[in-house]
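> A structural model of the following input is requested.
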Amino acid sequence: MEMRRKIYDKLLAWKTTSEGKTALLIDGARRVGKSYIAETFGKNEYRSYVLIDFSEITDEVKTIFEKDSMDLDLFFNELSAVYGTRLHRRESLIIFDEVQLYPKARQMIKRLVKDGRFDYIETGSLISIRTNISEILIPSEEEHLEMNPMDFEEFLWALGNDTLYPVIKKHFEESSEVSAAVHTQAMNLFRQYMLVGGMPQSVLIYAETKDFSLTDHEKRRIISLYREDIARFAEGYENKVREVFDNIPSQLCKREKKFRVTALDKNARSRRYGGAVLWLMDGMIVNECYNTTDPDVALSMRKDGSSVKLYMADTGLLITMAFSEREWVENPLYRAILSGRLGINEGQIAENIVAQCLRANGHRLFFYSRNGDEGSMEIDFLIRRNLKTCPVEVKSSSRSRKHASLDRFMKKFERRIGPSFVLHTGNLEMDGDILYLPLYMACLL
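You can find the predicted model right below:
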């Protein structure tokens with residue numbers, strides 16, 4: 001089954017506009033589909049392609065890079081011979097897969113792009129950590145492209161459903177209520193998306209089998225890969241990275257959800273764990289969400305670096321991590337999500353999936369937290385839309401209409417903010433100055 005990904009259109013745009021003047025670096029977490037999309041692009045859009053996988057590089061290929069890369073005529077002829085592929089000037093693509101494992105190949109990009117014979121795509125994880133760039137000069141000829149887990153529309157495509165999302169989008173754009181039948185169908189499918197997550201192999205398994213136990217097995221395998229990466233690449237502070245990683249589910253269960261290192265060790269200091277948090281961010285294993293002190297200006301200019309929430313980049317992985325000691329059939333979250341009966345203690349799942357949807361739609365994540373004379377204010381997310389800052393609250397059900405923090409926030413900043421949104425399990429509805437949206441519309445914000 002071919003997995004349709006929206007990033008493919010961005011690759012097409014790069015090919016058209018770059019015309020060989022830049023290489024494209026696709027950065028993303030392990031198992032997010034980088035190699036697959038690069039190879040699919042090579043098959044569909046070029047006369048020929050060569051994929052060099054640096055996680056399985058042979059001594060023969062390594063020798064070509066080490067000894068013959070200064071003579072590009074010889075270099076390309078040898079690659080063509082080793083991979084059994086004829087390379088055509090301006091009609092072939094060379095893919096450096098898992099390039100972080102062989103930084104010297106990344107440094108070559110400057111000369112390769114200047115040579116101009118072929119196009120180049122690099123894929124990698126943990127691209128910016130110190131051990132992967134310490135001995136090379138980063139080429140300025142690279143364009144960067146982030147790849148995230150599959151969003152809800154891509155999940156529907158994998159299930160063979162091309163018709164539902166355009167209907168959802170139309171109602172969002174018109175701010176109109178969705179029919180009861182369509183809303184029920186959309187929520188049921190969105191709950192499945194929450195459980196399966198957006199890692200392509202998990203989605204593929206579910207699309208073919210509709211078996212949660214098989215997807216759970218795949219997600220456990222991915223989590224194990226992440227722990228292996230931590231042990232391998234987080235040199236000198238792997239224990240701290242592992243502590244932070246394993247503690248994310250319990251941190252999100254807390255009311256404020258902000259990451260506190262004292263939960264790991266009562267004597268811990270933030271600066272001792274700062275590198276561990278940054279490592280997980282760089283690996284795109286987590287989605288970081290910073291507190292911003294002023295919603296009126298560019299949010300990143302007023303972020304509080306000491307106050308951060310860490311969401312798992314994939315909600316399916318979060319659910320598996322939260323109940324790692326149990327099989328999926330014993331996992332009460334599966335039953336609660338499928339039945340639409342998430343309780344207050346499971347609200348972090350709804351918040352995590354919204355963070356995942358916002359990030360997939362290009363948003364950097366910010367929240368607002370303050371205790372003042374007006375009372376406490378905790379706004380889950382702040383996003384920029386049409387040059388305005390918009391508060392976004394997340395509810396795990398449709399029953400609660402209490403939003404004291406949002407009311408205070410709207411009153412305090414009423415002249416400086418855009419529309420206010422509450423994402424919940426109910427239908428689209430306007431209530432005063434607040435637009436209630438079903439959770440499955442989060443990717444449209």
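> where does the stretch 151-300 of the chain dip in pLDDT?
The stretch 151-300 of the chain contains residues with pLDDT under 70 at 254-272, 297.
> Quick one: the helices in the stretch 1-150 of the chain, in order.
7-18, 34-45, 59-67, 72-83, 103-107, 109-115, 130-133 (DSSP state H, counting those that start in this stretch).
> worst average pLDDT in those?
Ranked on mean pLDDT, the bottom entry among the helices of the stretch 1-150 of the chain is helix 130-133, at a mean of 54.
> which one of the helices of the stretch 1-150 of the chain lies closest to R221?
helix 34-45 (16.3 Å; Cβ to Cβ). All C-beta spots, glycine's among them, are computed from the backbone N, C-alpha and C.
> What are the buried residues along that closest one?
34-42 (16 or more other Cβ atoms under 10 Å).
> sorry, back to before: switch the helices of the stretch 1-150 of the chain over to TSV; also include distance to G198.
Formatted as TSV, these follow (distance: least, Cβ to Cβ, whole Å):
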stretch	distance to G198
helix 7-18	12
helix 34-45	14
helix 59-67	33
helix 72-83	32
helix 103-107	27
helix 109-115	29
helix 130-133	25
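> returning to that earlier point: pick out whichever of the buried residues of helix 34-45 sits closest to L382.
Checking the buried residues of helix 34-45 against L382 by Cβ to Cβ gives K34 as the nearest, at 29.6 Å.
> any idea how far that closest one lies from N148?
According to Cβ to Cβ, to the nearest Å, K34 stands 11 Å off from N148.
> So which bits of stretch 139-149 are buried?
139, 141-142, 145-149.
> Columns pLDDT and distance to M321 on top of the residues you listed, output as a markdown table?
Formatted as a markdown table, these follow (pLDDT from 0 to 100; distance: Cβ to Cβ, whole Å):
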| residue | pLDDT | distance to M321 |
| --- | --- | --- |
| P139 | 80 | 36 |
| E141 | 91 | 38 |
| E142 | 93 | 33 |
| L145 | 95 | 27 |
| E146 | 95 | 22 |
| M147 | 96 | 21 |
| N148 | 96 | 18 |
| P149 | 97 | 15 |
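> could you check the distance from L437 over to L318?
For L437, the distance to L318 equals 22 Å [Cβ to Cβ].
> So these two - more neighbours on which side?
L318 (25 against 22; other Cβ atoms under 10 Å).
> Point out the other elements, helices or strands, that the host helix or strand of the more buried one touches.
Using DSSP states H and E, L318 sits in helix 315-322. Other elements packing on helix 315-322 under the criterion 3 or more Cβ pairs under 8 Å, 6 or more residues apart in numbering; DSSP states H and E are helix 180-196, helix 212-233, helix 238-253, strand 303-312, helix 332-339, helix 347-360.
> Let me know which of those is the nearest to S80.
Nearest to S80, of all the helices and strands packed on helix 315-322, is helix 212-233, at 32.2 Å by Cβ to Cβ.
> hey, C-alpha coordinates of that closest one in PDB?
The C-alpha trace of helix 212-233 is given here as PDB (Å, rounded to 0.1, in the frame of the first residue of the first chain):
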ATOM      1  CA  PHE A 212      -4.900  -2.700  17.900                       C
ATOM      2  CA  SER A 213      -2.700  -5.500  19.300                       C
ATOM      3  CA  LEU A 214      -0.500  -5.500  16.200                       C
ATOM      4  CA  THR A 215      -0.200  -1.700  16.200                       C
ATOM      5  CA  ASP A 216       0.600  -1.800  19.900                       C
ATOM      6  CA  HIS A 217       3.400  -4.200  19.200                       C
ATOM      7  CA  GLU A 218       4.800  -1.900  16.500                       C
ATOM      8  CA  LYS A 219       4.700   1.100  18.800                       C
ATOM      9  CA  ARG A 220       6.500  -0.800  21.500                       C
ATOM     10  CA  ARG A 221       9.200  -1.500  18.900                       C
ATOM     11  CA  ILE A 222       9.500   2.200  18.100                       C
ATOM     12  CA  ILE A 223       9.800   3.100  21.700                       C
ATOM     13  CA  SER A 224      12.600   0.500  22.100                       C
ATOM     14  CA  LEU A 225      14.400   2.100  19.100                       C
ATOM     15  CA  TYR A 226      14.200   5.500  20.800                       C
ATOM     16  CA  ARG A 227      15.700   4.100  24.000                       C
ATOM     17  CA  GLU A 228      18.500   2.500  22.000                       C
ATOM     18  CA  ASP A 229      19.200   5.800  20.300                       C
ATOM     19  CA  ILE A 230      19.400   7.400  23.700                       C
ATOM     20  CA  ALA A 231      21.900   4.900  24.900                       C
ATOM     21  CA  ARG A 232      23.900   5.200  21.700                       C
ATOM     22  CA  PHE A 233      23.900   9.000  21.000                       C
END
